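Asks: Return a 3D structure for these sequence lines:
(one chain, ligands or ions: 1)
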Amino acid sequence: MRLLTVTMATAVAALLAVPALAHDFKVGAIEVEHPWARATVASVPNGGAFMELNNTGKEADRLVSAASPAAERVELHTHIDDGGVMKMRQVPAVELAPGATLKLAPGGLHVMLLGLKEPLVKGKTIPLTLTFEKAGAVTVEIEVQAAGDAKAAHEAKHHDHEHEHGDHDHEHEHEHEHKY
Ligand SMILES: [Cu+2]
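Replies: Numbering: from 1, shown residues only. Below you'll find the predicted structure:
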(Lines give C-alpha, C1' and ligand atoms only; values in the text may rest on other atoms or scores of the structure.)
Protein backbone atom coordinates (compact mmCIF):
# COMPACT_ATOMS: atom_id res chain seq x y z
CA MET A 1 0.00 0.00 0.00
CA ARG A 2 2.81 2.33 0.87
CA LEU A 3 4.46 1.59 -2.47
CA LEU A 4 1.18 2.34 -4.30
CA THR A 5 0.87 5.67 -2.49
CA VAL A 6 4.40 6.65 -3.46
CA THR A 7 3.74 5.62 -7.07
CA MET A 8 0.60 7.71 -7.19
CA ALA A 9 2.37 10.69 -5.68
CA THR A 10 5.04 10.38 -8.37
CA ALA A 11 2.40 10.18 -11.08
CA VAL A 12 0.66 13.29 -9.75
CA ALA A 13 3.97 15.15 -9.59
CA ALA A 14 4.66 14.16 -13.21
CA LEU A 15 1.23 15.44 -14.28
CA LEU A 16 1.75 18.74 -12.51
CA ALA A 17 5.02 19.18 -14.37
CA VAL A 18 3.23 19.28 -17.75
CA PRO A 19 3.34 22.95 -18.76
CA ALA A 20 -0.03 22.83 -20.53
CA LEU A 21 -1.72 22.49 -17.15
CA ALA A 22 -0.30 25.78 -15.99
CA HIS A 23 -0.57 27.76 -19.18
CA ASP A 24 -1.95 30.94 -17.63
CA PHE A 25 -0.13 34.18 -16.99
CA LYS A 26 -0.92 37.20 -14.85
CA VAL A 27 0.23 40.80 -14.64
CA GLY A 28 -1.48 43.16 -12.24
CA ALA A 29 -5.23 42.61 -12.64
CA ILE A 30 -4.89 41.04 -16.09
CA GLU A 31 -4.96 37.29 -16.65
CA VAL A 32 -3.78 35.80 -19.94
CA GLU A 33 -5.16 32.33 -20.48
CA HIS A 34 -3.86 29.73 -22.89
CA PRO A 35 -2.05 31.80 -25.49
CA TRP A 36 -1.70 29.73 -28.66
CA ALA A 37 -0.96 30.03 -32.34
CA ARG A 38 -1.50 27.87 -35.37
CA ALA A 39 1.41 26.12 -36.97
CA THR A 40 2.59 27.90 -40.13
CA VAL A 41 4.41 26.92 -43.30
CA ALA A 42 7.58 28.57 -44.62
CA SER A 43 5.79 30.10 -47.64
CA VAL A 44 3.57 32.22 -45.36
CA PRO A 45 5.77 34.07 -42.83
CA ASN A 46 2.83 35.42 -40.83
CA GLY A 47 0.60 33.89 -38.19
CA GLY A 48 -2.11 34.73 -35.72
CA ALA A 49 -1.86 34.28 -31.95
CA PHE A 50 -4.92 33.82 -29.79
CA MET A 51 -5.74 33.84 -26.07
CA GLU A 52 -8.28 34.85 -23.49
CA LEU A 53 -7.78 38.09 -21.56
CA ASN A 54 -9.49 38.64 -18.20
CA ASN A 55 -9.52 41.98 -16.45
CA THR A 56 -10.08 41.01 -12.81
CA GLY A 57 -9.65 44.60 -11.63
CA LYS A 58 -12.04 47.48 -11.02
CA GLU A 59 -10.40 49.77 -13.57
CA ALA A 60 -10.47 49.60 -17.36
CA ASP A 61 -7.21 48.65 -19.02
CA ARG A 62 -6.03 48.25 -22.61
CA LEU A 63 -3.66 45.98 -24.43
CA VAL A 64 -1.58 48.55 -26.28
CA SER A 65 1.19 46.56 -27.91
CA ALA A 66 2.80 43.17 -28.38
CA ALA A 67 6.27 42.06 -29.41
CA SER A 68 8.11 38.81 -29.99
CA PRO A 69 11.68 37.91 -30.89
CA ALA A 70 10.15 35.30 -33.23
CA ALA A 71 8.66 37.94 -35.56
CA GLU A 72 9.88 41.14 -37.19
CA ARG A 73 6.70 42.97 -36.27
CA VAL A 74 3.70 42.22 -34.09
CA GLU A 75 0.37 44.00 -34.53
CA LEU A 76 -3.04 43.90 -32.89
CA HIS A 77 -5.66 42.98 -35.46
CA THR A 78 -9.36 42.54 -35.78
CA HIS A 79 -11.60 41.46 -38.64
CA ILE A 80 -14.04 43.79 -40.33
CA ASP A 81 -16.84 43.01 -42.73
CA ASP A 82 -15.88 44.81 -45.93
CA GLY A 83 -18.83 44.37 -48.29
CA GLY A 84 -19.38 40.80 -47.16
CA VAL A 85 -15.68 39.92 -47.15
CA MET A 86 -13.97 39.60 -43.78
CA LYS A 87 -10.69 41.48 -43.79
CA MET A 88 -8.05 42.02 -41.15
CA ARG A 89 -7.43 45.51 -39.84
CA GLN A 90 -4.88 46.77 -37.38
CA VAL A 91 -6.34 48.25 -34.19
CA PRO A 92 -4.45 50.71 -31.94
CA ALA A 93 -5.43 48.89 -28.73
CA VAL A 94 -7.70 46.22 -27.30
CA GLU A 95 -10.02 47.60 -24.61
CA LEU A 96 -10.57 45.64 -21.41
CA ALA A 97 -13.45 46.90 -19.29
CA PRO A 98 -13.40 46.10 -15.55
CA GLY A 99 -14.38 42.45 -15.11
CA ALA A 100 -14.25 41.83 -18.86
CA THR A 101 -13.34 38.50 -20.39
CA LEU A 102 -12.20 38.91 -23.96
CA LYS A 103 -11.41 36.10 -26.31
CA LEU A 104 -8.86 36.61 -29.06
CA ALA A 105 -9.83 33.89 -31.51
CA PRO A 106 -9.67 32.98 -35.20
CA GLY A 107 -12.02 35.21 -37.20
CA GLY A 108 -11.92 38.02 -34.62
CA LEU A 109 -9.39 39.92 -32.56
CA HIS A 110 -5.90 38.45 -32.73
CA VAL A 111 -2.25 39.19 -32.28
CA MET A 112 -0.63 39.22 -35.71
CA LEU A 113 2.91 37.93 -36.02
CA LEU A 114 4.44 39.41 -39.18
CA GLY A 115 7.74 38.34 -40.69
CA LEU A 116 8.21 35.14 -38.69
CA LYS A 117 11.89 34.27 -38.54
CA GLU A 118 11.05 30.56 -38.61
CA PRO A 119 7.80 28.73 -39.30
CA LEU A 120 5.75 28.00 -36.17
CA VAL A 121 6.10 24.30 -35.47
CA LYS A 122 3.48 22.36 -33.55
CA GLY A 123 4.53 21.62 -29.99
CA LYS A 124 7.01 24.49 -29.81
CA THR A 125 6.48 27.64 -27.81
CA ILE A 126 7.45 31.21 -28.66
CA PRO A 127 7.65 34.15 -26.26
CA LEU A 128 5.27 37.06 -26.70
CA THR A 129 5.43 40.21 -24.61
CA LEU A 130 2.09 41.91 -24.09
CA THR A 131 2.01 45.48 -22.82
CA PHE A 132 -1.06 46.75 -21.00
CA GLU A 133 -1.54 50.46 -20.34
CA LYS A 134 -2.07 50.06 -16.59
CA ALA A 135 -0.96 46.53 -15.70
CA GLY A 136 2.35 46.82 -17.54
CA ALA A 137 4.19 44.19 -19.56
CA VAL A 138 4.12 40.43 -19.28
CA THR A 139 5.90 37.83 -21.38
CA VAL A 140 3.78 34.77 -22.12
CA GLU A 141 4.62 31.55 -23.89
CA ILE A 142 2.57 30.93 -27.02
CA GLU A 143 1.90 27.26 -27.59
CA VAL A 144 1.95 26.28 -31.26
CA GLN A 145 -0.85 23.94 -32.24
CA ALA A 146 -1.46 22.08 -35.50
CA ALA A 147 -3.16 24.15 -38.20
CA GLY A 148 -6.29 22.04 -38.14
CA ASP A 149 -6.25 20.42 -34.71
CA ALA A 150 -9.26 19.89 -32.49
CA LYS A 151 -8.57 22.81 -30.19
CA ALA A 152 -8.22 25.24 -33.09
CA ALA A 153 -11.34 23.87 -34.77
CA HIS A 154 -13.23 24.14 -31.51
CA GLU A 155 -12.13 27.73 -31.02
CA ALA A 156 -13.12 28.70 -34.55
CA LYS A 157 -16.50 27.00 -34.25
CA HIS A 158 -17.12 28.58 -30.87
CA HIS A 159 -16.34 32.00 -32.30
CA ASP A 160 -18.62 31.60 -35.33
CA HIS A 161 -21.40 30.52 -33.06
CA GLU A 162 -21.10 33.70 -31.00
CA HIS A 163 -20.54 36.06 -33.91
CA GLU A 164 -23.39 38.11 -35.35
CA HIS A 165 -22.43 37.07 -38.84
CA GLY A 166 -21.99 33.46 -37.89
CA ASP A 167 -23.10 32.26 -41.30
CA HIS A 168 -19.95 33.62 -42.92
CA ASP A 169 -16.96 31.36 -42.95
CA HIS A 170 -14.35 33.88 -41.86
CA GLU A 171 -11.58 31.38 -41.88
CA HIS A 172 -11.39 31.21 -45.64
CA GLU A 173 -11.04 34.97 -45.89
CA HIS A 174 -8.13 35.30 -43.48
CA GLU A 175 -5.56 36.87 -45.75
CA HIS A 176 -2.34 36.22 -43.85
CA GLU A 177 -2.92 32.71 -42.63
CA HIS A 178 -2.21 29.58 -44.55
CA LYS A 179 -4.71 27.13 -43.22
CA TYR A 180 -3.84 23.61 -44.17
CU1 LIG B 1 -4.13 39.54 -38.75
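
Asks: Contact residues of this protein facing the ion?
Replies: For the chain, the contact set with the ion under Cβ under 5 Å from the ion comprises 77, 88, 112. Placement of C-beta: from N, CA and C, glycine included.

Asks: Let's see which of the residues you listed end up in helices.
Replies: Using DSSP state H, no member of those falls in helices.

Asks: Show the pLDDT at residue 179.
Replies: We have a pLDDT of 39 for residue 179.

Asks: Export the residues of the chain next to the ion as JSON lines, with columns for neighbour count and pLDDT.
Replies: Below are those laid out as JSON lines (neighbours: other Cβ atoms under 10 Å; pLDDT from 0 to 100):
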{"residue": "77", "neighbour count": "22", "pLDDT": "97"}
{"residue": "88", "neighbour count": "20", "pLDDT": "94"}
{"residue": "112", "neighbour count": "20", "pLDDT": "98"}
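
Asks: Nearest to residue 45 among the residues you listed?
Replies: residue 112 (11.6 Å; Cβ to Cβ).

Asks: I'd assumed residue 79 was in contact with residue 88.
Replies: Yes - contact criterion Cβ atoms under 8 Å: residue 88 and residue 79 qualify, at 5.8 Å.

Asks: Parallel or antiparallel, list what pairs with the top strand by length along the chain.
Replies: Using DSSP state E to define each element, the chain has its longest strand at strand 71-82. Strand 71-82 sits in its sheet next to strand 85-90 (antiparallel), strand 110-116 (antiparallel), going by DSSP bridges.

Asks: Buried residues, that strand. List them.
Replies: For strand 71-82, the buried set under the neighbour-count rule, 16 or more other Cβ atoms under 10 Å, comprises 71, 74-79.

Asks: Among these, find the lowest-pLDDT one for me.
Replies: residue 79 (93).

Asks: Surely residue 140 is within a helix?
Replies: No - counting by DSSP: H, G, I helix; E, B strand; the rest coil, residue 140 is not part of a helix but strand.

Asks: Give me the neighbour count for it.
Replies: 24 (other Cβ atoms under 10 Å).

Asks: residues in contact with it?
Replies: If you count contacts by Cβ atoms under 8 Å, 6 or more residues apart in numbering, residue 140 has them with 25, 32, 35, 51, 127-130.

Asks: can you do 6 Å?
Replies: 25, 32, 35, 128 (Cβ atoms under 6 Å, 6 or more residues apart in numbering).

Asks: Mind telling me what element the first one is part of?
Replies: So that's residue 25. strand 24-27 (DSSP states H and E).

Asks: got it, and the third one?
Replies: In this assignment (DSSP H and E), residue 35 forms part of strand 30-38.
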